[in-house]
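> Structure, please.
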Amino acid sequence: MKYLNKLTLAAMTVAGSLLVGGTALAQDGATLYKTKTCIACHGVNGNAPVLPTYPRLAGQNAAYALAQMKDIKSGARNNGQTVAMKGVMHLVSDDEMKAIADWLATVKP
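Residues are numbered from 1 along each chain as shown. Take a look at the predicted model:
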């Protein structure tokens, strides 16, 4: 019985972590968006870029946004405003890029 209670508690802990995971990921993306300085050029929540040539990121498809960030970081994309982004992207890991992209996809444009 004691073993069953410990097993049940462990299962409930894992399940609880999975349920909170989506919210935690979204929060991490929002926090990373600010701490990785995305906010400086793309504005609060990706809705107000500081220059008209910078894209609005809010509501962007997550897979597309992630691919663009990876391409800019690797140098595969080297046009438009990528020079400004390249200086920042070396500070952002693949997992962080994914969290930011996933969060941006949830932001209302």
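> Hmm, G43 and V50 touching each other?
Yes. With contact defined as Cβ atoms under 8 Å, V50 and G43 form a contacting pair (6.5 Å). (Each C-beta comes from the backbone N, C-alpha and C, glycine too.)
> Give me the buried positions along stretch 35-45.
36, 38-39, 41-43, 45 (16 or more other Cβ atoms under 10 Å).
> Mind picking the one among the residues you listed that's closest to A101?
The nearest member of the buried residues of stretch 35-45 to A101, counting by Cβ to Cβ, is C38 at 10.7 Å.
> Just list the residues touching the residue lying closest to the closest one once chain neighbours are set aside, thanks.
Residue nearest to C38 in three dimensions, not counting chain neighbours: I100, with 6.7 Å by Cβ to Cβ, 6 or more residues apart in numbering. I100 makes contact with 29, 32-33, 36, 38, 65, 69, 92 under the criterion Cβ atoms under 8 Å, 6 or more residues apart in numbering.
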